[in-house]
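Student: A structural model of the following input is requested.
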Amino acid sequence: MKQVVQNYKSGELTVLDVPVPGCKPGGVLVRSAYSLISTGTELMKVSEAGMSMLGKARSRPDQVAKVMQSVATDGVPATYRKVMGRLDSWTPLGYSLCGVVEQVGTGIDDVAVGDLVACAGNEHALHAELNWVPKNLYARVPDGLAPRHAAFGTVGAIALQGVRRGEPQLGDVALVVGLGLIGQLVVQLLAASGVRVVGADPDPARCELGARLGAVACGDPASAAVATAVAELSGGHGVDQVYLAAGGGSNEPVELAARLSRDRGRVVDIGKCRLDLPWNAYYEKELDVRFSRSYGPGRYDPEYELAGRDYPIGYVRWTERRNLACFLDLLARGSADAEPLVSHVAAFDDAVETYRRLSDGDLKAVAVLFRYPGPAGQPADAAAPELTVPAAPEVAVPAVRRRGAAASVPARAAAAPVRLAFVGAGNYASSMLLPHLAQRDGVALSTVVTTTALSAANAKRKFGFAEATTDLDAVLGDPAVDAVFVVTRHSSHAELTRRALLAGKAVFVEKPLALTEDELAGVLAAVEESGNDRLQVGFNRRFAPLLRQARKRFGARTGPASVRYLVNAGRLAHGSWYLRQGTEGSRFTGEGGHFIDTVSWLLGGDPVSVYAVATPDNEDLQVVLRYPDGSTATLGYVTSGSPGFPKETLDLVADGKVLRLDDFVRASVHGPKRWASPRLSRTRDKGQRTELAAFLRAVRTGGPMPVPLESLAATTAATLAVRTALVAGAPVTLAGPR
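Tutor: Numbers count the residues shown, from 1 in each chain. As a prediction, the model looks like this:
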């Protein structure tokens, strides 16, 4: 699916292809019909991203304070890396939309597939084709209310909460400072409550719109017109409430509020403006300054927003969800009107251009809507009746086809070394692969290819490569190179593997082989086209000596097995490229193949179905695999565990026996005879050395690759099917090719 994202470091905006979110328990998957650009909040964020680093610091002193604390705790280098990593990542935009429920998670009984809902939240109501929204952040749209108007639900709830904080009464006089999107909605809500409203904004067009929407008078705050209107309406006493809906760095709204408020009046801050309170003016009138926190009670409370725990209505009458539903009801009954606020409706595909026009001032708007296509390309409004509950999915495991003769294996004298080229020389290659190869007899490190000249030169110096280059084509065309190692970031694995296979090279690619079904199909198409099936994926755990010894001790199996594999993956550091799901795939997609391959090797087959569930934050996964002989495996991939607990623990139970692996440090088999390995004192051997030896032997002799290509394809397909299972909320059948 597509989503609007921004890089806060560079300011770049783009529409990115990202995975479809899973429909987790306690929420619904919503296909967007319209989403709203808040021309205040969002453009401020976009503007900040375009600033220099000094400008960013000046605009966010709260974040600067956190950085200084980190410097004191972690030091300058670590803090710098952390800050740069956080800045240099994609962040989402958007927080108010209307869409159609496409899938309902467990525990949800108040909406059904096909219902129209308004959604809120800067993590859940994003400018994206599909969003997972928890229960307390959506509300059903009343019959007859247009989806484009319902998309205003979140900003309407913000305005409504601000009005509630002011506690207006019939006959009051109120001043609204700032007649942008929120200010115009506040004007309408106050007028509907029987309050006489004066608006203040330097923009004449916004003043005119405010007057049309219910303000008794509007004008430039610097002119006498606003003060005159307040004096006439209040009998010279001043307004009962001031609602600050302005932004920017000026302190004039706060000073204006003090001048025009009555004694013991209320000042409610809804926007994000400067608040240097003039002490004498506020003290002498004993003004009551209040803040309005977003959509209402429940905001920023994970128990309310994510866990779905509502506040009892007898104690908290107006929560953020009840505010959202209330505003939708006001729109449906005509007590508020969103249509006059719609300045422009843009196709979602034109999002980047729309933001540019807004930032440059080419498009002057109070509110802008993105319109989304339906599943078949029709307008989103028309798509709702046609949505149905998706059938339990089936994923085809692509066939491995070899056309013509296999790629010839160059004749080699017994003493001739295997000549290797490395594409990429990052942390994993430098720490886990190259140390096993650099001093190995019968191996020649021919060429290292990296995207930057300096990193290539560093790898050449450290490991003794004969050549260093940034020219991949030259390496692929070099007949002296026998095998190519692809050890780059995940997003490039499939394409680099495909090119190397077509060039007739043996290929060792680190996991994952592919991030999508199409990428996997492309690799296998290269095998068919070239006849070259000399491929190994870095699934090293099946080569770990301790695990192989335990499997041998366990012996042959006669009945189905049950496997439990817990991977205590832990948290990643902020800024890690593993977290860039839009380009590098999910963390499980990148790493999960390791564990599926290990289980499949232990059980001697490939999975036939996959089921997966996840925690609400999608960080912890439980994956259930079923195998042809009736064996099952439960794979827990978790990030919330203690770092002091072992990373990997595995139990295999069958035939009255149990095989136990403790983090590649110790293994045991319990059965008629008990066996336990000595405890390894230091290093964990996860099989890289043995795996590399097997690969090199296959390249040197022309013998079969260490793992059949069919198994590599099946493991990759099963890993990718986890994402499908999360979205579907149902088991995914791994069917053979048709």
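
Student: In the longest helix seen in the chain, which residues are buried?
Tutor: For the chain, the longest helix by residue count, based on DSSP state H, is helix 709-728. Going by neighbour count (16 or more other Cβ atoms under 10 Å), the buried part of helix 709-728 is 709, 711-728. (C-beta placed from N, C-alpha, C; glycine too.)

Student: How about stretch 129-147?
Tutor: Quick answer for stretch 129-147 (16+ other Cβ under 10 Å): 129-142, 145-147.

Student: if you look at those residues, which of them are in strands?
Tutor: Mapping the buried residues of stretch 129-147 onto strands (DSSP state E) picks out 130-134, 138-140.

Student: Report the mean confidence score over the longest helix of the chain.
Tutor: For helix 709-728, mean pLDDT rounds to 92.

Student: Helix or strand next in line after that helix, which one?
Tutor: strand 732-735 (DSSP states H and E).

Student: ok, the closest residue in space to Gly656 that isn't next to it in sequence to Ser223 distance?
Tutor: Here the nearest residue to Gly656 in space, its sequence neighbours aside, is Gly671; by Cβ to Cβ, 6 or more residues apart in numbering that works out to 6.3 Å. In this view, Gly671 and Ser223 are 91 Å apart by Cβ to Cβ, to the nearest Å.

Student: Which one of the two is surrounded by more residues?
Tutor: A count of neighbours by other Cβ atoms under 10 Å puts Gly671 above the other of Gly671 and Ser223, at 15 against 11.

Student: residues contacting Glu495?
Tutor: Contacts for Glu495 (Cβ atoms under 8 Å, 6 or more residues apart in numbering) come out as 519, 522.

Student: With the one 4 residues further on instead?
Tutor: In this structure, Arg499 makes contact with 472, 476, 526, judged by Cβ under 8 Å, 6+ apart.

Student: Of these - the most surrounded one?
Tutor: Neighbour tally across the contacts of Arg499 (other Cβ under 10 Å): the maximum, 22 neighbours, falls on Ala526.

Student: how about it, secondary structure?
Tutor: Following DSSP: H, G, I helix; E, B strand; the rest coil, Ala526 is assigned to helix.

Student: Looks like it contacts Gly504 (just checking).
Tutor: No. In this structure, Ala526 is not within contact of Gly504 by Cβ atoms under 8 Å, at 10.8 Å.

Student: hey, what's in contact with both of these two?
Tutor: Shared contacts of Ala526 and Gly504 (Cβ under 8 Å, 6+ apart): Asn532.

Student: Next up, the contacts around the nearest residue to Thr354 once chain neighbours are set aside.
Tutor: Spatial nearest neighbour of Thr354, excluding adjacent residues (Cβ to Cβ, 6+ apart): Ala346 at 4.4 Å. By Cβ under 8 Å, 6+ apart, the residues touching Ala346 are 353-354, 368-371.

Student: What separation is there between Ala346 and Gly559?
Tutor: If you go by Cβ to Cβ, the gap between Ala346 and Gly559 works out to 61 Å.

Student: do the same with Glu252
Tutor: Taken as Cβ to Cβ, the span from Glu252 to Gly559 is 80 Å.

Student: repeat for Pro512
Tutor: Look at Pro512 and Gly559: by Cβ to Cβ, they are 32 Å apart.

Student: Tell me which of the two has more neighbours.
Tutor: Counted by other Cβ under 10 Å, Pro512 and Gly559 do not tie: Pro512 has more neighbours, with 26 against 10.

Student: okay but the more buried one is in contact with His493, surely?
Tutor: Yes. Using Cβ under 8 Å, Pro512 is in contact with His493, at 6.3 Å.

Student: and the residue nearest to Gly656, what pLDDT?
Tutor: 92.

Student: cool, Val173 as well?
Tutor: Value for Val173, per-residue pLDDT: 98.

Student: Kindly report the same for Gln169.
Tutor: Listed pLDDT for Gln169 reads 96.

Student: wait, what's in contact with it?
Tutor: Gln169 makes contact with 194-195, 240 under the criterion Cβ under 8 Å, 6+ apart.

Student: From those residues, list just the buried residues.
Tutor: Buried members of the contacts of Gln169, scored by 16+ other Cβ under 10 Å, are 195, 240.

Student: what's the closest of the contacts of Gln169 to Thr589?
Tutor: Val195 (54.1 Å; Cβ to Cβ).

Student: The closest one contacts Pro168, doesn't it?
Tutor: Yes. Under the criterion of Cβ under 8 Å, Val195 makes contact with Pro168 at 4.8 Å.

Student: Check the contact lists of the two and give me the overlap.
Tutor: Counting by Cβ under 8 Å, 6+ apart, the shared contacts of Val195 and Pro168 are Ala174.

Student: one step back: now the contacts of Gln169 as TSV including pLDDT?
Tutor: Putting these into TSV (pLDDT from 0 to 100) gives the following:
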residue	pLDDT
Gly194	95
Val195	97
Asp240	98
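
Student: Name the nearest of the contacts of Gln169 relative to Asn540.
Tutor: For those, the residue nearest Asn540 by Cβ to Cβ is Val195; the value is 69.9 Å.

Student: residues contacting the closest one?
Tutor: For Val195, the contact set (Cβ under 8 Å, 6+ apart) comprises 168-174.

Student: Out of those, list just those in strands.
Tutor: Among the contacts of Val195, the members falling in strands (DSSP E) are 173-174.

Student: Buried subset of the contacts of Val195 as a PyMOL selection?
Tutor: The PyMOL command for the buried members of those (criterion: 16+ other Cβ under 10 Å) is given here:
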select buried, resi 168+172+173+174
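
Student: So the residue lying closest to Ala466 once chain neighbours are set aside, which state does it fall into?
Tutor: Excluding its sequence neighbours, the residue lying closest to Ala466 (Cβ to Cβ, 6+ apart) is Ser446, at 5.5 Å. Secondary structure, three-state DSSP: Ser446 is strand.

Student: thinking Ser446 is in contact with Glu467, fair?
Tutor: Yes. Ser446 is within contact range of Glu467, at 6.7 Å (criterion: Cβ under 8 Å).

Student: which of these two has more neighbours?
Tutor: Legend: neighbour count by other Cβ under 10 Å for Ser446 and Glu467, higher for Ser446 (21 against 16).

Student: dump the residue contacts of that one.
Tutor: By Cβ under 8 Å, 6+ apart, the neighbours of Ser446 are 419-421, 465-467, 478, 480-481.

Student: List the residue ranges of the stretch 301-450 of the chain that fall below the pLDDT cut-off.
Tutor: In the predicted model of the stretch 301-450 of the chain, residues 374-393, 403-415 satisfy pLDDT under 70.

Student: Which residue ranges of it form strands?
Tutor: 342-347, 367-371, 394-396, 418-423, 443-449 (DSSP state E, counting those that start in this stretch).

Student: Tell me which of the ones you listed approaches Asp518 most closely.
Tutor: Across the strands of the stretch 301-450 of the chain, closest to Asp518 is strand 394-396 (Cβ to Cβ), at 12.4 Å.

Student: Next one: the residue of the chain most remote from its centre from Asp263, what distance?
Tutor: In terms of distance from the mean C-alpha position of the chain, Gly235 ranks first, at 55.0 Å (Cα atoms, centre = their mean). For Gly235, the distance to Asp263 (Cβ to Cβ) stands at 13 Å.

Student: Ok, Ala351 next?
Tutor: 49 Å.

Student: With neighbour numbers in mind, choose between the two.
Tutor: Counted by other Cβ under 10 Å, Ala351 and Asp263 do not tie: Ala351 has more neighbours, with 24 against 10.

Student: Find the nearest non-adjacent residue to Tyr95, please.
Tutor: Asn122 (4.1 Å).

Student: do the same with Val352
Tutor: Leu13 (5.1 Å).

Student: returning to what we had before: any of the contacts of Ala346 buried? List them.
Tutor: 354, 368-371.

Student: List the contacts of the closest residue in space to Gly171 that isn't next to it in sequence.
Tutor: Counting by Cβ to Cβ, 6+ apart, the nearest residue to Gly171 once its immediate chain neighbours are dropped is Gly194, at 6.6 Å. Residues near Gly194 by Cβ under 8 Å, 6+ apart: 169-172.
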